[in-house]
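Participant: how does the following fold in three dimensions:
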Amino acid sequence: MPMPSKGARLFLRKRKGRKPTFVIKDSGAEISTGTSDRGAAEVQLAQYISTKNRRSGPVETREITISDILSIYGSEHAPTVADPVRIGYAMSALLPFWGDLAADAVKGETCRRYAKMRNRAPGTVRRELNTLQAALNYCQREGYILTAPNVTMPATPETNQRALTRDEVAALIRAARARKQDHIARFILVSIYTGTRKAAALNRRLAGPSVNGGWFDLDAGLLYRRGEGERITNKRRTPVRLPRQLWAHANRWQRSGNTWAVEWRGQRIADLKTAWAKIVNDAVDDEDSVLDWKPTPHSLKHTAITWAIQGGASVADAAGFFATSIETIERTYWHLSPHFQSGALAAIEGNRGRNRGQ
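Facilitator: Residues are numbered from 1 along each chain as shown. Prediction:
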């Protein structure tokens, strides 16, 4: 009796003398994805599955699995976004729980069960479930399903980010240079002066224009956050002026023959998770260091906005410069400003003497 098929799946193929590569295994066939990145491989797996046995025309949610929903979203939409790997990572987390369920299984109870099973931070689970909701909405818009169920999200976590001090930033840069990890030092400088998120900071060219990512215009002293070939999205990616300190650094990097703002041995950095962890540990363990906690790469953007608001930047200027919504600036940062409630405070303090005798 033949064994039942396990269906299309990923397998990390390891061969002597070669870099490990994910392959798609399906009914005895093996298709290479050409990548060792799990997230990117998940996107390719979704593209592969989506070409098999897809029904035409909209169907009821009970007639289609979440696996098919994510496959369609991964194959059709993910390649058009700035960072498809993020979708791939979310899909790799969603599929083990949701993959075999029909789309009509999406309800509050199953979403809460998923969150409990994942046992991750609420923010992480929200990002994953947001991908599921986006996939359902996409399939409804494109005519694959008649209706899109509503995904129940965990409560929005309270923001408890901590900003670095200038001495702590200096400690991280010293630790990076002590290890001869100049690309980490550069990443810190780019992030702290522009408030750029990690993936975007790693995709900045020193001279442009660039098609696939942002670039520095070193003649005009501007940073273009969006590449000329990238589509316009809801994310705010408007040009900003380069702070003079970063402008000087970038000019020096270019004169040294570098192509990317953050590079290692002439190549763009895909990720810096391992190197970042080592640098942070070094900085914390240094007995002369002032750093006594472990910041993440995102801490740099949080720190950049915090410093700007503390320095007197307006809500509008901060939102425009850091490509962040006005709502986020007001909710998370504005209380740190020297101008916070200054009008109300002046009015209250100014009226105390006049009202004393009334």
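Participant: what separates residue 312 from residue 92, distance-wise?
Facilitator: As judged by Cβ to Cβ, to the nearest Å, residue 312 and residue 92 stand 44 Å apart. Every residue, glycine included, has its C-beta placed from N, CA and C.
Participant: which of these two has more neighbours?
Facilitator: residue 92 (19 against 10; other Cβ atoms under 10 Å).
Participant: how about that one, secondary structure?
Facilitator: helix (DSSP: H, G, I helix; E, B strand; the rest coil).
Participant: same check, this time on residue 12
Facilitator: Applying three-state DSSP: residue 12 is strand.
Participant: can you pull the contacts of it?
Facilitator: By Cβ atoms under 8 Å, 6 or more residues apart in numbering, the contact set of residue 12 is 20, 21, 22, 23, 36.
Participant: low-scoring stretches of the stretch 1-150 of the chain, by residue?
Facilitator: For the stretch 1-150 of the chain, the stretches with pLDDT under 70 are 1-6, 50-57, 82.
Participant: which residue ranges form the strands in it?
Facilitator: 9-13, 21-26, 29-32 (DSSP state E, counting those that start in this stretch).
Participant: for residue 248, which of these is the nearest?
Facilitator: strand 21-26 (41.6 Å; Cβ to Cβ).
Participant: can you list the strands that the closest one pairs with?
Facilitator: Looking at strand 21-26 with DSSP bridges, its partner strands are strand 9-13 (antiparallel), strand 29-32 (antiparallel).
Participant: so of those strands, which one's packed in deepest?
Facilitator: Here the criterion is mean neighbour count by mean count of other Cβ atoms under 10 Å, and of the strands paired with strand 21-26 the winner is strand 9-13, at a mean of 13.
Participant: excluding its backbone neighbours, what's nearest residue 67?
Facilitator: residue 99 (4.1 Å; Cβ to Cβ, 6 or more residues apart in numbering).
Participant: please apply the same query to residue 48.
Facilitator: Nearest to residue 48 is residue 24, by Cβ to Cβ, 6+ apart, at 5.4 Å.
Participant: hey, what's that neighbour bridged with?
Facilitator: Bridge pairing for residue 24 - DSSP bridges - gives residue 10, residue 31.
Participant: and it, how many neighbours does it have?
Facilitator: 19.
Participant: so who does the closest residue to residue 11 other than its chain neighbours touch?
Facilitator: The shortest distance from residue 11 to any non-neighbouring residue, by Cβ to Cβ, 6+ apart, is to residue 25 (5.0 Å). Each residue near residue 25 by Cβ under 8 Å, 6+ apart is listed here: 6, 8, 9, 10, 11.
Participant: find the pair from these with maximum spatial separation.
Facilitator: The most widely separated members of the contacts of residue 25, counting by Cβ to Cβ, are 6 and 10 (11.4 Å).
Participant: mean confidence score for stretch 154-165?
Facilitator: In this model, stretch 154-165 has an average pLDDT of 77.
Participant: endpoint to endpoint, it covers what distance?
Facilitator: Distance across stretch 154-165, first residue to last, is 32 Å (Cα to Cα, to the nearest Å).
Participant: who are the packing partners of the longest helix anywhere in the chain?
Facilitator: Identified as the longest helix of the chain according to DSSP state H is helix 122-141. Counting contacts by 3 or more Cβ pairs under 8 Å, 6 or more residues apart in numbering; DSSP states H and E, helix 122-141 is packed against helix 66-72, helix 84-98, helix 108-118.
Participant: show me this protein divided up by domain.
Facilitator: With automatic domain parsing as the criterion, the domains of the chain are listed as 20-141, 166-336.
Participant: what is the neighbour count of residue 149?
Facilitator: Based on other Cβ under 10 Å, the number of other residues close to residue 149 is 19.
Participant: can you list the low-confidence ranges for the stretch 201-350 of the chain?
Facilitator: Within the stretch 201-350 of the chain, the stretches with pLDDT under 70 are 211-212, 227-237.
Participant: which residues in it form strands?
Facilitator: 215-217, 222-224, 240-241, 263-264, 267-268.
Participant: determine which of the ones you listed approaches residue 134 most closely.
Facilitator: From the strands of the stretch 201-350 of the chain, taking Cβ to Cβ, the stretch that ends up closest is strand 222-224, at 26.8 Å.
Participant: list the buried ones in the closest one?
Facilitator: By 16 or more other Cβ atoms under 10 Å, the buried positions in strand 222-224 come out as 223, 224.
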